[in-house]
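**Student:** Provide a 3D model corresponding to the input given below.
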Amino acid sequence: MRPLSVTELLTIWERGLAAFPFERALAILSVACPETSPAALARLSIGRRDAHLLQLREWAFGSELAIMASCPSCCQTLEVTMPVAALRVSADSAGDAVGNEAVNTSEDFVGSLMLQDYQVHYRSPNTEDVAACAGLEPAASRRQLLAHCVTDARREGISVSAEDLPEDVVQKVEEHIAAIDPQADMSLDLVCPECCRRWTEGFDIVSFFWTEIDAWARRILRDVNILARAYGWRESDILALSPVRRQIYLAMAQA
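**Tutor:** The predicted structure is shown next:
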């Protein structure tokens, strides 16, 4: 895996404008991991995928995240600055280290449990599983995802489908699935400075990274437009400039 260039980020942004979030995640990883096939990347557990996206985000925009949240009690808007490292699960828990090397596409995290008369074997979800649930209503999506992740279920030794598992068993299986791939369930512990309300809010690196890419791309294209009009330069020449030189030229063009 390697950092993304300015041109690659712009290409990813353009292709991802009308895409589903899971498609955007795979588009980012496919460019950053040319040594790994898109099919193999789609089979990464969600936690492994998101760990790599966190690293790519840090390489692209720095080691701190500016996170906006709204207090559920008083609706006060919070802006929290958090280091990327605070959202990383340890390498041992996540299953592999993340860095400037080939992506680990080893087997999914797996587990099993016994509850009541049921024995259930399961694995962690991946992007292929999420893609299969695209467009479904939340309740149907939840059951569909479970059906993909339950590899075997039996009641008193007799095979049953995931759809036939009772709700209390389903809830316990979902808890176990979340526990085996903790990087897939990132959350923030927040405190409102106005009313002191404490709460936990989920954090989705795919949507967060994409929002940053979108804002950055639109800003870069505005810069390209200004410099092309002022100096007659090609887009590729402007993008090849360092950010510092680009800003100096922008300041002179707008003086």
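**Student:** Helices along the stretch 1-150 of the chain, start to end?
**Tutor:** Secondary structure of the stretch 1-150 of the chain (DSSP state H, counting those that start in this stretch): helices at 6-16, 21-32, 38-42, 46-61, 91-94, 127-132, 138-149.
**Student:** Flag every buried residue along the last one.
**Tutor:** Read it as helix 138-149. By neighbour count with 16 or more other C-beta atoms under 10 Å, helix 138-149 contains the buried residues 144, 145, 146, 147, 148, 149. To be clear about C-beta, it is placed using only N, CA and C from the backbone, and glycine gets the same treatment.
**Student:** ok, now the first one?
**Tutor:** Neighbour-count burial for helix 6-16, counted by 16+ other C-beta under 10 Å, picks out 6, 9, 10, 12, 13, 16.
**Student:** now stretch 187-200
**Tutor:** Buried residues in stretch 187-200, counting neighbours by 16+ other C-beta under 10 Å, are found at 188, 190, 192.
**Student:** With the flanking residues excluded, which residue is spatially nearest to residue 7?
**Tutor:** Distance criterion C-beta to C-beta, 6 or more residues apart in numbering; nearest residue to residue 7, sequence neighbours excluded, is residue 239 at 5.8 Å.
**Student:** Look at the nearest residue to residue 126 once chain neighbours are set aside and report its pLDDT.
**Tutor:** Distance criterion C-beta to C-beta, 6+ apart; nearest residue to residue 126, sequence neighbours excluded, is residue 43 at 5.1 Å. Looking at residue 43, its pLDDT reads 96.
**Student:** give the contact list for residue 43.
**Tutor:** 105, 108, 126, 127, 128 (C-beta atoms under 8 Å, 6 or more residues apart in numbering).
**Student:** which of the residues you listed count as buried?
**Tutor:** 108, 126, 127.
**Student:** what's the closest of the residues you listed to residue 181?
**Tutor:** Taking C-beta to C-beta as the measure, residue 181 lies nearest residue 108 of these, at 8.1 Å.
**Student:** Return the residue spatially closest to that closest one, with its sequence-adjacent residues excluded.
**Tutor:** residue 123 (4.2 Å).
**Student:** how's the protein carved up into domains?
**Tutor:** When the chain is parsed with automatic domain parsing, its domains come out as 6-105+185-213, 110-180, 223-253.
**Student:** Could you tell me the end-to-end distance of the shortest one?
**Tutor:** Right, domain 223-253. 10 Å (C-alpha to C-alpha, to the nearest Å).
**Student:** Then the longest one?
**Tutor:** Using C-alpha to C-alpha, one end of domain 6-105+185-213 lies 11 Å from the other.
**Student:** what about the closest residue to residue 21 other than its chain neighbours, how many residues close to it?
**Tutor:** Once flanking residues are discounted, residue 21 sits nearest to residue 206: 4.9 Å by C-beta to C-beta, 6+ apart. For residue 206, the neighbour count with other C-beta atoms under 10 Å is 22.
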